[in-house]
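> pasting the structure only:
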């Protein structure tokens, strides 16, 4: 059942509880399990992947079946409808257009004394994508994660995904991967798949960056391998906070809250409004429809669904910033009025017709948004996730001479005797080139 609260103190307590919803006593045990899996894959390679797939996914797998064959990839195009292929290609175009505008350009700046400083952006060599398994068929997730890497210019992209019954991978996922230039696909999921991407096996090459989201074991594995490899983000179950005024349609709001609760048993679905009539209608409609969505949706709504009555929507943005949710939806007459007040959110959906699925599938921005309050300091992945920057610095003799005195003062303060000597050698022009001629 969806609950309504009106007291500020209770609201803050509930929002804090929701933000901490994944911090339970079993987390340390799960992390210990993940460490064992990572170590096993490092030692045993492909053999560990086969054993864990059989044990965890209940699908016996041979080494020969680990990599999806070319024949399977070709057949996938025949196994989806023309409408599905058109939708995948249309989604690709939208996502690509969004990310092409985000691509960074290398740059140099010339100073007054013949010094040059700049940055060069280059892609990493290889990216590994983790795509959730058959319980959540997500061709859009393939596109959202692969296309930024393609735009960045990454020369090689590989993908891992847990297999379904009879080791099947949904053909729409295989087609999306091919459309997005994925070179190889492997039937493996969970923490063991992250280990394979991070450390490499005889079959799966080690990558430079891992992108994509999974369950808590996948998230913990990404956290533990970070440093050996780059990652896009650490994401958990998401949050949707809707700010709505009297112009909002209660049926639209109720549908969005139900869709959010349906996505994960730990998903948070929250409405903040100053209109008590709207709040009453939304609660009534959600509770009437809830039973038709299954026990997991009911569980999410009961534990992490909330309607908060506020005095003023602008003041409600302070609550949003405190929570820093993955998604904020502004179902109000003039959504741009409140945007500047929302500082911490993974994405902001503007207006009543911008349904969450637009942001998650076709708008272009990556749906792997920061969750559990991490939007305070992190962002969703993009083209820059798959690129690295190199500083470019060039000083002429004139530029070095011009800055030498101030630079030497700082170098000597910071204890760099050899650095100071190097600086003075190269910034002066002694008649003799012998070091002893310099005043040490």
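Sure thing, it's come through. Computed from a predicted structure; not experimentally measured. Numbering: from 1, shown residues only.

> Every contact and neighbour count from this point should use C-alpha atoms.
Noted.

> quick check: domain ranges of this protein?
Per automatic domain parsing, the structural domains of the chain span 3-22+236-364, 27-235+384-388, 396-437.

> so which of these gets nearest residue 375?
Closest approach to residue 375 among those (CA to CA): domain 3-22+236-364, 5.3 Å.

> Need the residues that contact the helix or strand bottoming out on mean pLDDT in the chain.
Ranked by mean pLDDT, DSSP states H and E, the helix or strand of the chain with the weakest confidence is helix 356-357, at a mean of 77. Helix 356-357 is contacted from outside by 256, 329, 349, using CA atoms under 8 Å, 6 or more residues apart in numbering.

> OK, contacts around the second one?
Think residue 329. Contacts of residue 329 (CA under 8 Å, 6+ apart): 240-243, 348-351, 354, 356.

> got the residue ranges for the strands in the stretch 101-250 of the chain?
Using DSSP state E, counting those that start in this stretch, the strands found in the stretch 101-250 of the chain span residues 107-110, 115-123, 126-130, 156-161, 184-187, 209-211, 230-231, 239-244.

> low-confidence ranges in the stretch 101-250 of the chain?
Confidence mapping of the stretch 101-250 of the chain against pLDDT under 70 gives the ranges 134-135.

> now the helices: where do they sit in it?
With DSSP state H, counting those that start in this stretch, the ranges of helices along the stretch 101-250 of the chain come out as 139-152, 171-179, 190-199, 216-225, 250-263.

> Out of these, which gets nearest to residue 335?
Of all the helices of the stretch 101-250 of the chain, helix 250-263 sits nearest to residue 335, with 15.1 Å by CA to CA.

> Tell me how many other residues surround residue 120.
Neighbour count for residue 120, taken as other CA atoms under 10 Å: 15.

> ugh, wrong one, residue 145
Residue 145: 29 neighbours (other CA under 10 Å).

> What of residue 138?
Residue 138 is flanked by 18 other residues according to other CA under 10 Å.

> What residues does the residue nearest to it when sequence neighbours are not counted make contact with?
Sequence neighbours aside, residue 173 is the residue nearest to residue 138 in space, at 6.5 Å (criterion: CA to CA, 6 or more residues apart in numbering). Listed by CA under 8 Å, 6+ apart, the contact partners of residue 173 are 137-139, 142.

> same thing but 10 Å
The contact partners of residue 173, by CA atoms under 10 Å, 6 or more residues apart in numbering, come to 73, 76, 88, 131, 133-134, 137-143, 161, 179.

> Check residue 21 too.
Residue 21 neighbours (CA under 10 Å, 6+ apart): 15, 237, 266-268, 303-304, 372.

> Same question for residue 419.
Residue 419 makes contact with 408, 411-412, 425, according to CA under 10 Å, 6+ apart.

> mind checking the backbone torsions on residue 347?
Main-chain dihedrals, residue 347, degrees, to the nearest 10: phi -150, psi 160.

> before we move on, back to that, please render the contacts of helix 356-357 as JSON lines that adds distance to residue 389 and pLDDT to the earlier fields.
Below are the contacts of helix 356-357 laid out as JSON lines (distance: CA to CA, whole Å; pLDDT from 0 to 100):
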{"residue": "256", "distance to residue 389": "39", "pLDDT": "93"}
{"residue": "329", "distance to residue 389": "34", "pLDDT": "94"}
{"residue": "349", "distance to residue 389": "31", "pLDDT": "91"}
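
> who are the neighbours of the helix or strand hosting residue 29, in terms of helices and strands?
Here residue 29 sits within helix 27-44, counting by DSSP states H and E. Judged by 3 or more CA pairs under 10 Å, 6 or more residues apart in numbering; DSSP states H and E, helix 27-44 is in contact with helix 46-56, helix 190-199, helix 216-225.

> Outside of that helix itself, list whatever touches it.
Contact partners of helix 27-44, identified using CA under 10 Å, 6+ apart, comprise 45, 47-49, 52, 190-196, 198-202, 216-225.

> Contacts only, for residue 393.
Contact analysis of residue 393 by CA under 10 Å, 6+ apart lists 108-109, 115-119.
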